[in-house]
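>>> Any chance you can model this:
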Amino acid sequence: MATDSNSGRMGEIEAQLMSQAMQDVAFRDRLIADPKAVLAEQGLTISGDVQIQVLQETPNQYYLVLPAVEYSATDSTIALSDAELEAVAGGGASQVTSWTGCATGQSGCIVSKYAPECSPG
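You can find the predicted model right below:
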């Protein structure tokens, strides 16, 4: 959306725009009509291929804005890096380095309907 030098300022600019729009009806109307011009006045350069739409909530209409995703909506799979896989793998943050197989802590436990308690297998 914005150039890299501007992207860090966007949150601050959004807060300023919302505050001013709440206090100044003429500014709010201009922001709704031509958001790129208003953002340019704030020193934020928006590329020509980016569209900006300003929506105003009403007592009966609310908007939930989700952040942009970096993958295509047509992608059926999303590959994770090895580091990402390690971070989300079961027990990834655990300090446990070995698995015993049952809650008793005995190595090689087997649980069956005939012996519901763990017994060495």
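>>> Tyr63 belongs to a strand?
No: read with DSSP: H, G, I helix; E, B strand; the rest coil, Tyr63 is coil and lies in no strand.
>>> So which residues make contact with stretch 11-18?
When contacts are defined by C-beta atoms under 8 Å, 6 or more residues apart in numbering, stretch 11-18 is touched by residues 31, 38-39, 42, 44. The way it works is simple: take the backbone N, C-alpha and C, and place the C-beta from them, glycine included.
>>> low-confidence ranges in the protein?
1-9, 71-78, 90-121 (pLDDT under 70).
>>> if you set the cut-off to 90 instead, what comes out?
For the chain, the stretches flagged by pLDDT under 90 are 1-16, 39-48, 50, 65-121.
>>> all helices of the protein, in order?
4-7, 10-23, 25-33, 35-41, 82-88 (DSSP state H).
>>> any chance of these in a markdown table, plus distance to Val54 and mean neighbour count?
Formatted as a markdown table, these follow (distance: least, C-beta to C-beta, whole Å; neighbours: other C-beta atoms under 10 Å):
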| stretch | distance to Val54 | mean neighbour count |
| --- | --- | --- |
| helix 4-7 | 18 | 10 |
| helix 10-23 | 8 | 13 |
| helix 25-33 | 5 | 13 |
| helix 35-41 | 5 | 15 |
| helix 82-88 | 35 | 9 |
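>>> of those helices, which approaches Glu57 most closely?
helix 10-23 (11.3 Å; C-beta to C-beta).
>>> In this structure Ile32 contacts Gln56, no?
Yes: Ile32 is within contact range of Gln56, at 6.7 Å (criterion: C-beta atoms under 8 Å).
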